[in-house]
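S.K.: Here's my sequence, what's the structure:
(one chain, ligands or ions: 1)
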Amino acid sequence: MGSTETARCQACQAIVNPAWATCAACQKPLIPDWLAEYRRLYALVCDLQPPDPRYAAIHQALDACDRAFRLRDTESFKAAVRHVEAVMAEPSRQPRQAAPEAPPQPGWIVAYRDQHNRLHDGTVSRCEWDGRSGTVQLTNGQSIAIAQVTAVAKTNAAGQVVAAWDVRRHGLDGQRGPR
Ligand SMILES: [Zn+2]
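M.R.: Next up is the predicted model:
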């Protein structure tokens, strides 16, 4: 918080430094800028998704923030925010991938980048994949490295797309992380 930042004491309207705990003029506790506090809070937690083991703890901490806000209880609010920060500082402890990922199946559609970083898509004819590296044969005769695949669209027997995901976020088989 910069020293040039100012706010007004909501009790006496004196200009105050928002970092102060109390107003220098009337000595009353300074009421925090709730909107700014909430913005900071949501910036901290906005990427959190339900499979993350921290999700439940964060939701409890956010509930505590809301209760404190409704009561205008500055101390409880600050304690709850510190709790959110502490939980978010923990590693996400995502369970590691147990089974090797299944490669895209014949008939599925993949998006991939070529050597010029241009994006293409194609229909899978077959895959060779050892769990670490491999190639995808496309129905147009092209062969690409699995590492080039950026997104996968799963199709049903009628060739309709029933699911699609980003490989970097969800893995080759779409099983990793949030769906
Ligand atoms: Zn004051």
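
S.K.: only C-alpha atoms for contact and neighbour calcs from this point on.
M.R.: Will do.

S.K.: and the protein, which of its residues are near the ion?
M.R.: Taking Cα under 5 Å from the ion as the criterion, the chain approaches the ion at residues 9, 12, 23, 26.

S.K.: Could you rerun that using 8 Å?
M.R.: Residues of the chain lying close to the ion by Cα under 8 Å from the ion are 8-14, 16, 22-28, 30.

S.K.: Just the buried ones out of the residues you listed, please.
M.R.: Buried members of the residues of the chain next to the ion, counted by 16 or more other Cα atoms under 10 Å: 9, 16, 22, 23, 30.

S.K.: Looking at those residues, which are in strands?
M.R.: residue 16 (DSSP state E).

S.K.: got the buried ones among the residues of the chain next to the ion as CSV, with pLDDT and distance to residue 37 columns?
M.R.: Shown next, in CSV, are these (pLDDT from 0 to 100; distance: Cα to Cα, whole Å):
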residue, pLDDT, distance to residue 37
9, 85, 16
16, 85, 17
22, 85, 17
23, 88, 19
30, 78, 14
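
S.K.: Closest to residue 38 out of the buried ones among the residues of the chain next to the ion?
M.R.: For these, the minimum distance to residue 38 (Cα to Cα) is 16.6 Å, reached by residue 30.

S.K.: per-residue confidence averaged over stretch 104-120?
M.R.: Looking at stretch 104-120 alone, the average pLDDT works out to 91.

S.K.: Report the buried residues of it.
M.R.: 104, 105, 106, 107, 108, 109, 110, 111, 112, 113.

S.K.: what does stretch 155-168 give?
M.R.: Buried, per 16+ other Cα under 10 Å, within stretch 155-168: 155, 164, 165, 166, 167.

S.K.: Could you work out the end-to-end span of it for me?
M.R.: This stretch, stretch 155-168, spans 20 Å end to end (Cα to Cα, to the nearest Å).

S.K.: The spatially closest residue to residue 30 that is not a sequence neighbour and residue 162, how far apart?
M.R.: Take residue 30 and drop its neighbours on the chain: the residue closest to it by Cα to Cα, 6 or more residues apart in numbering is residue 22, 4.9 Å away. Taking Cα to Cα as the criterion, residue 22 is separated from residue 162 by 58 Å.

S.K.: How about residue 139?
M.R.: Counting by Cα to Cα, the gap from residue 139 to residue 162 is 20 Å.

S.K.: again with residue 75
M.R.: Here residue 75 is placed at a distance of 49 Å from residue 162 (Cα to Cα).

S.K.: just residue 49 next, same as before
M.R.: With distances defined as Cα to Cα, the gap from residue 49 to residue 162 amounts to 22 Å.
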